[in-house]
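>>> sequence first, predicted model second:
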Amino acid sequence: MIKPKLNRRKFLKRGSAAVLGAGILGSDSLGAASDSPVVSGAAIKDYRKFGRTGFMVSDISCGTFREDNVLKAMLEKGANLIETGEVYSNGNHERQIGNILKDYDRSKLFIVSKIHSRSGPITSRAEVKSRFYNSLERLQTGYIDGYMIHSALSSDEVKNRHFHAAMKELKKEGKVRFTGVSCHGSSYFDNPEESMEQVLGTAIEDGRFDFMELIYNFFEPDMGTMILEKCGQNNIGTMIMKSSPIYIYDYYRDLIEKAKNEGTEITGSQQRYFDKYSKQAETAEKFFARYGISDPAKIREAALQFILTNNNVSTIPAGILNYNDVDFYLNVSGKKLDDAGLSALNGFSHATGFLNCRIGCDICEAKCPHNLPVNTILRYNYYFQAKKEEKNAMNLYAALQGRKPDVCRDCPGYCEDACPYGVMTRGLLSMARQNLSFIKPSYT
């Protein structure tokens, strides 16, 4: 069900249509939504122990989805963990899952939901329990297998006494079985001293978390690898997010061409970006030619295989839009990367890594004179581009306090100077601003 191979130029052009944070060429590369069920016969091939929970979880599990039948297709093919949260579609994602659960053997599924401090402060045990019971009601189930602190920003947050007191009571009541935490990396100006490794390291040392969700991908594997090793040593289950980073090639070319067609002025900075991206596109094209890569789905598959090669990874919750996605992810299940594939993927990372922001890195934020939450903005753009959660991403962006990327227009680029990967951060922030704001593109 994968589309026919593309030539390199078409590949590069299509790549720029997807932006920062999409899966490698994103789900769009697998085609539009299909009304036909999965026909390949693919199914989950590997189950891994989910840490101290003892549950044998499918290596590919279920994250966000749109249509009920898409989730059902994953479950019927062996996926057995479903990830959700109170903020997903304002609770409607939980409701959707709840309507589906009654058709399946509940004991064979592991349901994960989350409480998000940015949706409201966690200031009391009663507050936590109230929000937990709201999720439980929406899920229409008697218990939740795993309940998480969603997107923790600091060590203090993972130690929140109200959360842990509530979990202790709910476990005694049989309403929740295990607890977890997720972290996207802290925001520098919220907590300038803690990285994702430090936040999750605190959670591991705390000893009360049974599983956690973290960023891990081939572009910057070091931090994720260290966290995964610690999880393995402490028998903690792991869920992987942001598994397939992306790059952009000709965004500025398209912008400049449109500006010319409309007779508007092209700024000097836009021209400089275009010139630099042109050289980077040439570098990437040479790489693709050397490895004979012309099918974007093959790169995306290799990115997932890279993660599954790590035995400390329990599962990858997949964002699934359509039956083509179902087929793609099921075919990845049970596959690990061989030496040749790893070499090619490393080469790809070196050749194109400067076009992708490492969500969770935060190095550039320390140098920004405008206190811009770069990591958070680009993560929201990931939701918009890769997960196709446009409304959710735009609402999150609108609620974000402080300055927005319009301050970057006249900035000399302190973030880019600080970035050890040479990422053109201002261009990506400009892109995020256009995606996430109710504004029209500007070329002057």
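Thanks, I have it.

>>> export the host helix or strand of residue 149 as PDB, just CAs?
According to DSSP states H and E, residue 149 maps onto strand 144-150. As requested, the backbone C-alpha atoms of strand 144-150 are provided in PDB (Å, rounded to 0.1, in the frame of the first residue of the first chain):
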ATOM      1  CA  ILE A 144      -7.100   2.900  34.000                       C
ATOM      2  CA  ASP A 145      -4.000   0.800  33.600                       C
ATOM      3  CA  GLY A 146      -1.500   3.600  33.600                       C
ATOM      4  CA  TYR A 147      -2.000   7.300  34.600                       C
ATOM      5  CA  MET A 148       0.700   9.800  33.800                       C
ATOM      6  CA  ILE A 149       2.000  13.300  34.600                       C
ATOM      7  CA  HIS A 150       1.800  14.800  31.100                       C
END
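
>>> what lines up beside it in the sheet?
When pairing is defined by DSSP bridges, strand 144-150 lines up against strand 110-116 (parallel), strand 176-182 (parallel).

>>> of all those strands, which lies closest to residue 402?
strand 110-116 (18.8 Å; CB to CB). In short, each C-beta sits where N, CA and C put it, glycine included.

>>> and after the closest one, which helix or strand comes next?
Downstream of strand 110-116, the next assigned helix or strand under DSSP H and E is helix 125-139.

>>> mind giving me the packing neighbours of the helix or strand encompassing residue 427?
Using DSSP H and E, residue 427 falls within helix 425-436. Applying 3 or more CB pairs under 8 Å, 6 or more residues apart in numbering; DSSP states H and E, we find helix 425-436 packed against helix 251-262, helix 374-385, helix 390-399, helix 414-418.

>>> model confidence over the last one, on average?
Read it as helix 414-418. Mean pLDDT, computed over helix 414-418, is 84.

>>> in this protein, which residue is closest to the centre?
With distances taken as CA atoms, centre = their mean, residue 242 lies nearest the centre of the chain, 3.0 Å away.

>>> what's the local residue count around the closest residue to that residue other than its chain neighbours?
Among residues not flanking residue 242 along the chain, residue 215 sits closest, at 4.4 Å (CB to CB, 6 or more residues apart in numbering). Here the count is done by other CB atoms under 10 Å, and residue 215 has 24 residues near it.

>>> what bridges to residue 215?
Counting by DSSP bridges, the residues bridging with residue 215 are residue 241.

>>> got the phi/psi numbers for residue 409?
Phi and psi for residue 409, reported as degrees, to the nearest 10, are phi -60, psi -40.

>>> how many neighbours does it have?
Residues lying near residue 409 (other CB under 10 Å) number 13.

>>> export the strands paired with strand 144-150 to a markdown table and tack on mean pLDDT?
Shown next, in a markdown table, are the strands paired with strand 144-150 (pLDDT from 0 to 100):
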| stretch | mean pLDDT |
| --- | --- |
| strand 110-116 | 96 |
| strand 176-182 | 97 |
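
>>> what comes up buried for stretch 117-131?
Within stretch 117-131, the residues that count as buried by 16 or more other CB atoms under 10 Å are 117, 122, 125, 127, 128, 129, 131.

>>> please identify which of those residues is nearest to residue 197.
residue 117 (20.2 Å).

>>> okay, and the spatially closest residue to the closest one that is not a sequence neighbour sits in which element?
Spatially, and ignoring its direct neighbours in sequence, residue 117 is nearest to residue 157 (6.5 Å; CB to CB, 6+ apart). Using DSSP H and E, residue 157 sits in helix 155-158.

>>> tell me what that helix is packed against?
In terms of contacts (3+ CB pairs under 8 Å, 6+ apart), helix 155-158 is packed against helix 196-206.

>>> give me the distance from the helix it packs on to the chain's centre.
19 Å (CA atoms, centre = their mean, to the nearest Å).

>>> that helix to helix 374-385, inter-axis angle?
Calculated by axes from the mean of the first three to the mean of the last three CA atoms, to 10 degrees, helix 196-206 forms an angle of 90 degrees with helix 374-385.

>>> how about helix 196-206: buried residues?
Using 16+ other CB under 10 Å as the test for burial, helix 196-206 gives 196, 197, 198, 199, 200, 201, 202, 203, 204.

>>> would you mind giving these as a markdown table with distance to residue 319 and pLDDT added?
Output for the buried residues of helix 196-206, formatted as a markdown table (distance: CB to CB, whole Å; pLDDT from 0 to 100):
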| residue | distance to residue 319 | pLDDT |
| --- | --- | --- |
| 196 | 20 | 85 |
| 197 | 25 | 87 |
| 198 | 27 | 89 |
| 199 | 23 | 91 |
| 200 | 22 | 94 |
| 201 | 27 | 94 |
| 202 | 28 | 95 |
| 203 | 24 | 96 |
| 204 | 26 | 97 |
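
>>> I'd like these written out as a markdown table, with distance to residue 107 added.
Formatted as a markdown table, those follow (distance: CB to CB, whole Å):
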| residue | distance to residue 107 |
| --- | --- |
| 196 | 34 |
| 197 | 36 |
| 198 | 37 |
| 199 | 33 |
| 200 | 30 |
| 201 | 34 |
| 202 | 33 |
| 203 | 28 |
| 204 | 29 |
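
>>> wait, which of those is closest to residue 431?
Of all these, residue 196 has the smallest distance to residue 431: 23.5 Å, by CB to CB.

>>> walk me through the domains of this protein.
8-19+247-294+357-436, 41-245+299-332 (automatic domain parsing).

>>> out of these, which is the most enclosed?
Stretch with highest mean neighbour count among the domains of the chain: domain 41-245+299-332 (a mean of 20; mean count of other CB atoms under 10 Å).

>>> how far does that domain stretch from start to finish?
Domain 41-245+299-332 stretches 13 Å from its first residue to its last (CA to CA, to the nearest Å).

>>> report the distance from it to the chain centre.
The answer for domain 41-245+299-332 is 12 Å, by CA atoms, centre = their mean.

>>> got a list of what residue 223 touches?
195, 196, 197, 215, 360 (CB atoms under 8 Å, 6 or more residues apart in numbering).
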